[in-house]
Each structure stands twice: as structure tokens, then as C-alpha cells.
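Colleague: Sequence first, then the predicted structure, then my questions.
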Amino acid sequence: RLAEPALGKSHREHGTEHRASSVKEGILLHSLLEQLPLEFLGSEDAARVALASTALRLAPSLDESERERAVAGAVRFATSAYAGTIQERAVWFEREWPFVLSSPSGALIRGTLDWLVELKDGSFEIIDYKSAETPEIDRYAFQIAVYRAAVAHQFQRPVRAGLMFLGAEHPEPKWVSDAVDFATPLGRLVTCRRKGEFPLSPPAHCRAIGCGDLSFCHSEESQSRFDSLTE
């Protein structure tokens, strides 16, 4: 995850309760995968029992249905074909790997990537988890490009990076092209942050990808207004 910029007041006023719930669920999902013992990778029953117990310990006040969704997402990762082969292919890995990257413009980017693996051939793989169901890769291209640049700079080795959408029934990595330029969108991000203005995506687009933060960014009134413009 890249460090989040502060959002404007109009964003904070809508869907605060839903946003808080969504954020807690996402944090729990990442915490579960961070703490999952490697011996449970590939074993659905063992992983589910361990994760359910950990979820209750980490988030006892979270709604049961939210805990169950987080556990289900973590189980899907643990039982994926990718996770099942990682111990055979890897010589080292780290979860929640923090980094600081200096951009071409001089801006410092801080972030934490979910899963970093060094393979036996000396190359690296990055996996970023998403709770969404729809594998819409383009919207994450900038984020993944930053992750790849950070790892390549640190280790000076070949890197490939992918997304795993844990809302899907059978998630596997969607590998992202390494030809993505992050300098241009980074310049736009810096500009937006200086102005304190972050353009919103249309609600129809947010619903199509199963975004859990729809009501945080769009009130019911603003959803209707956006939708009427596209009909």
C-alpha cells in the first residue's frame, strides 16, 4: 500500500461509518495473511481454522460477517495454486515489506508491499492483495510500477509484480506489464496533493469493480447525479 494522502472534507462527510468498517476489514485481511503460518499454505481446513481463531483474537469487536469475509479472502490466498508452490520456488520472502523510493521528480514515496519473494533463480516476485472480485489491472498499474521500481532499486535484480483479487473464487496472480511509466502519474499525484483535490471516478465504475468504498466517496445524491450524466 502507498501512503494515503489526506482527503478533502467533502470526502470525509459521506459514508464515514461504511469507510471505517471497510478499512478495518481490509486491515484484518492483511494482518491475517501476515501472520498465517507457512505450513498452512495449501491446506484449506487447517488454514480456515487458524485464520478464524486469529481473526477473533485480532478483531473481537468487528462484525462477525466482516471477520468471515476477511477470513474467506485469506483462505482463498492460502489455498491458491500460487501459494501452494511458493515454498518450493522461494529462498526468502517477506510480508509487509516497507520501502522508501526517491522519484525522478525528487519526491519520496513511502509504502508497504504485501508479499515479496526471492526465487531460486535470483529474481523477485511481488504480490499485492486486493479484496475486490474484478481483476481490473489498469487502475493499479501506477501502484505496481512503484513497487517494482522500489524492489529493483533495492536489490538490482529482475522483478515481476502481480495482483491477486481475493474476492474472486479462485484467485491467482495477474502479472502486470513492466512497461508502465510511473513518473507521469506521480507528477499528477503530487499536483493533486498540493491542491488538496482528488478527482472521483464515476459511481458506475466503482460498482462495476466491486469497490467497498463507494459510499465514502459518493453520497446517494452524488451517485444519482453521476449516473444521470451517463444515461
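Modeller: Sure thing, it's come through.
Colleague: CA atoms for contacts and neighbours, from now on please.
Modeller: Will do.
Colleague: Do a quick rundown of the helices in this protein.
Modeller: For the chain, the helices defined by DSSP state H occupy 9-12, 16-35, 44-58, 64-78, 81-89, 141-155, 183-195, 203-208, 214-217, 220-230.
Colleague: between those, which gets nearest to residue 107?
Modeller: Residue 107 lies closest to helix 183-195 among the helices of the chain, at 8.2 Å (CA to CA).
Colleague: who's in contact with residue 50?
Modeller: Applying CA atoms under 8 Å, 6 or more residues apart in numbering to residue 50 gives the contacts residue 36.
Colleague: where in the protein is pLDDT low?
Modeller: Counting by pLDDT under 70, the chain has low-confidence residues at 1-22, 105, 135, 209-213, 216, 220-231.
Colleague: Surely residue 54 and residue 33 touch.
Modeller: No - counting by CA atoms under 8 Å, residue 54 stays clear of residue 33, with 10.2 Å between them.
Colleague: Compare these two (neighbour count), which wins?
Modeller: For residue 54 and residue 33, the more surrounded residue by other CA atoms under 10 Å is residue 33, and the numbers stand at 23 against 18.
Colleague: Not counting its neighbours along the chain, what's nearest the more buried one?
Modeller: residue 74 (6.0 Å; CA to CA, 6 or more residues apart in numbering).
Colleague: quick one: the one you found from residue 37, how far?
Modeller: 12 Å (CA to CA, to the nearest Å).
Colleague: neighbour count winner among these two?
Modeller: Per other CA under 10 Å, whichever of residue 74 and residue 37 has more neighbours is residue 74, with 28 against 13.
Colleague: Now do the same contact list for that one.
Modeller: Counting by CA under 8 Å, 6+ apart, residue 74 touches 29, 32, 33, 51, 166.
Colleague: what's the closest non-adjacent residue to the first one?
Modeller: So the one you mean is residue 29. What sits nearest to residue 29 in space, not counting adjacent residues and going by CA to CA, 6+ apart, is residue 70, at 4.8 Å.
Colleague: any idea how far the one you found is from residue 38?
Modeller: Using CA to CA, residue 70 is found at 18 Å from residue 38.
Colleague: Compare the two and say which is more crowded by neighbours.
Modeller: Applying other CA under 10 Å to residue 70 and residue 38 shows that residue 70 carries more neighbours, namely 27 against 14.
Colleague: thinking again about what came up before, so the residue nearest to residue 29 is in contact with residue 31, correct?
Modeller: No - between residue 70 and residue 31 no contact is recorded; they are 9.7 Å apart, counting by CA under 8 Å.
Colleague: quick one on the thing from earlier: the residue nearest to residue 33 and residue 68: what is the separation?
Modeller: According to CA to CA, residue 74 and residue 68 sit 10 Å apart.
Colleague: Which residues are in contact with residue 116?
Modeller: 93, 94, 95, 97, 124, 125, 126, 127.
Colleague: Mark which of those are buried, thanks.
Modeller: With burial judged by 16 or more other CA atoms under 10 Å, the buried subset of these is 93, 95, 124, 125, 126, 127.
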